[in-house]
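Student: Mind folding the following:
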Amino acid sequence: MAFSHSQTLHLLDLALHGDRVAMSELLARHKGRVLRIVRARLGPQLRQYMESQDIVQEVFLSALQAVPQLEATDEAKLLQWLSSIVENTLRGKSDYHGALKRTSSFEPFDPGTSIPLRVDASAEDDVISREREELVDHAVNQLPKELRDVFVMRHYMGHSFQRIAESLPGTTANQVRMAYRRARARLVRLLDGKL
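Tutor: Below is the predicted model of the structure:
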């Protein structure tokens with residue numbers, strides 16, 4: 001179900017003024033996107049220890065507690081704020097499980113490894129959606145790290161090309177834009193005839 005931009009902005013305004021029901025509605029509207037971000041950033045090693053849905057719940061609990069620090073004035077900034085909570089949550093989980101490294105074969109958090117195309121599917125389409133997600137995961141994992149990182153930050157986290165460039169030392173917004181185009185083109189080739 002598509003939500004209007006004006007409805008989202010109204011809910012955001014209410015949430016910023018302390019309306020927890022509005023914030024809960026905003027989170028519900030963005031659950032699919034947040035789940036994609038979690039899956040994209042979780043990586044195969046951490047996935048052995050936890051489920052994506054559990055991380056989403058933890059992110060939403062943290063978001064509800066952190067509403068006073070929310071400085072978002074539009075939907076893009078809200079998504080970026082939620083993305084930063086995802087990153088912090090996964091980093092904490094990685095640190096925790098990384099401590100087990102001495103006694104196990106655990107490998108630390110490797111951000112940006114698996115990206116599903118769709119997570120919001122009807123019960124009937126769920127199996128097809130999971131198959132597509134696995135195909136896309138496999139294709140994204142074949143991208144070079146620098147292309148994969150740009151793709152995840154732009155496509156799933158909603159970052160601007162400028163913001164991505166600022167987080168990747170030595171790059172410009174134009175270089176990031178070109179890298180994103182190369183990542184998309186490579187994914188199209190890798191997925192040709194598979195979806």
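Student: I'd like to know how many residues surround Arg189.
Tutor: 9 (other C-beta atoms under 10 Å). Glycine gets a C-beta too; all of them are placed from N, C-alpha and C.
Student: Okay, and it sits in which element?
Tutor: Element membership of Arg189, judged by DSSP states H and E, is helix 173-191.
Student: what's the following helix or strand after the helix or strand hosting Leu27?
Tutor: Taking DSSP H and E as the criterion, Leu27 maps to helix 20-29. Counting by DSSP H and E, the next helix or strand C-terminal to helix 20-29 is helix 31-47.
Student: helices and strands around the helix or strand that comes right after that next one, which ones?
Tutor: Tracing the chain C-terminally past helix 31-47 and defining elements by DSSP H and E, one meets helix 52-65 next. Counting contacts by 3 or more C-beta pairs under 8 Å, 6 or more residues apart in numbering; DSSP states H and E, helix 52-65 is packed against helix 20-29, helix 31-47, helix 75-98.
Student: out of the ones you listed, nearest to Leu135?
Tutor: helix 31-47 (13.8 Å; C-beta to C-beta).
Student: Check the helices and strands packed on helix 52-65 for me and report the most buried one.
Tutor: Greatest average neighbour count among the helices and strands packed on helix 52-65 goes to helix 31-47 (a mean of 21), per mean count of other C-beta atoms under 10 Å.
Student: between that helix and helix 20-29, how many degrees?
Tutor: If you take axes from the mean of the first three to the mean of the last three C-alpha atoms, to 10 degrees, helix 31-47 sits at 70 degrees to helix 20-29.
Student: Could you give the average pLDDT over helix 31-47?
Tutor: Per-residue pLDDT over helix 31-47 has a mean of 78.
Student: before we move on, the earlier item: contact partners of the helix holding Arg189?
Tutor: When contacts are defined by C-beta atoms under 8 Å, 6 or more residues apart in numbering, helix 173-191 is touched by residues 135-136, 139-140, 142-143, 146-148, 150-151, 154-155, 160-162, 164-165, 168, 171.
Student: ok, and for that helix, which residues are buried?
Tutor: 176-177, 179-180, 182-183, 186-187, 190-191 (16 or more other C-beta atoms under 10 Å).
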